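Q: heads up, no residue letters with this:
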Ligand code: AMP
């Protein structure tokens, strides 16, 4: 496995692979890798001849008051996980490699980014889209893997690739959870013992919502109500949003039907956590 910080090195390597007719799978991450990231790497490993993982804490997707400086980083540990999972190349650029001082071009969207996380993080998805398109141009993967954990991000990337005719297949992968139900996240490391227990309210409340849907409930309001009431019982939790939207367009819907996303964001102390489920049928 190689670790490259330079764009030119990645391009050179991928060009040589493509000249041999090999396929390339790509997993973009911000590092501090866990089983959730590993599930994406495993999927990429199965379906492609070569696998590239990027590890880049992208300054552009953090708001001015967000956790860019404190975001956890551990390249040595990440490299071990990647090596064991059969990754061929880690791309780990410095911010200066990705953004020259003259940088002034962005990818943005009119829809999909205004609801859910877009409300409290108004510049977040512009940063995500811009860096992901740049990474696609650098790595030129056949397939790219994203977690349903960040369901709005997955929808945004799918839309961007369709709208801008990017020649890559986007593959969504299921949410990987801790044994007790908490969705795995690099940000879980911010939680103290008491908050870690309180954080279970996210998966617990969504389970209640899911059970209601399974019983045949079609009203988005009713599902939001049961989730909201459960979260409000937890003193350390503060709701950012509890929403029911169409998964493709990320617009609110009143009726639970096919391809509906039930998504929540909740502060546990100072840590903002997200979780969701998708109604398939
Ligand atoms: P991040 O490093 O948080 O930017 O995440 C990189 C990729 O890993 C994104 O596509 C995430 O959706 C995905 N991911 C993060 N946590 C999980 C999880 N618990 N299960 C599945 N995918 C995840």
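A: All right, it came through fine. Please read all numbers here as calculations on a predicted model, not as lab measurements. Numbers count the residues shown, from 1 in each chain.
Q: can you count the residues close to the nearest residue to residue 152 once chain neighbours are set aside?
A: Using Cβ to Cβ, 6 or more residues apart in numbering and skipping the chain neighbours, the partner closest in space to residue 152 is residue 116 (4.9 Å). Using the backbone N, CA and C atoms, a C-beta is placed for each residue, glycine as well. Residues near residue 116, counting by other Cβ atoms under 10 Å, number 26.
Q: thought residue 116 was touching residue 243?
A: Yes. Residue 116 sits in contact with residue 243 when judged by Cβ atoms under 8 Å, with a separation of 5.7 Å.
Q: which neighbours do these two have in common?
A: Residues touching both residue 116 and residue 243 by Cβ atoms under 8 Å, 6 or more residues apart in numbering: residue 263.
Q: thinking again about what came up before, retrieve the pLDDT associated with the residue nearest to residue 152.
A: Per-residue pLDDT puts residue 116 at 97.
Q: how much space separates it from the ligand?
A: 14 Å (Cβ to the nearest ligand atom, to the nearest Å).
Q: try residue 103
A: 21 Å.
Q: next, the residue positioned nearest the centre of the chain: secondary structure please.
A: By Cα atoms, centre = their mean, the chain has its centre lying nearest to residue 150, at 3.7 Å. Put simply, residue 150 is helix when judged by DSSP: H, G, I helix; E, B strand; the rest coil.
Q: confirm for me that it is in contact with residue 265.
A: No. Residue 150 lies out of contact with residue 265 (Cβ under 8 Å); the separation is 11.1 Å.
Q: hey, what's in contact with both of those two?
A: residue 274.
Q: hang on, residue 106 in a helix?
A: No. Using three-state DSSP, the assignment for residue 106 is coil, not a helix.
Q: look up how far residue 128 lies from it.
A: 11 Å (Cβ to Cβ, to the nearest Å).
Q: same drill for the two, tell me which one is more crowded.
A: Each of residue 106 and residue 128 has its neighbours counted (other Cβ under 10 Å); residue 128 has more, 24 against 12.
Q: list the contacts of that one.
A: By Cβ under 8 Å, 6+ apart, residue 128 lies in contact with 58, 61, 153, 156, 157.
Q: drop anything exposed from these.
A: 58, 61, 153, 156, 157 (16 or more other Cβ atoms under 10 Å).
Q: any idea whether the third one is helix, strand or coil?
A: When you say that, I think you mean residue 153. Applying three-state DSSP: residue 153 is helix.
Q: how near is the closest residue to it other than its chain neighbours to the ligand?
A: Counting by Cβ to Cβ, 6+ apart, residue 153 lies nearest to residue 128, which is 5.9 Å off, once chain neighbours are set aside. Residue 128 sits 9 Å away from the ligand, going by Cβ to the nearest ligand atom.
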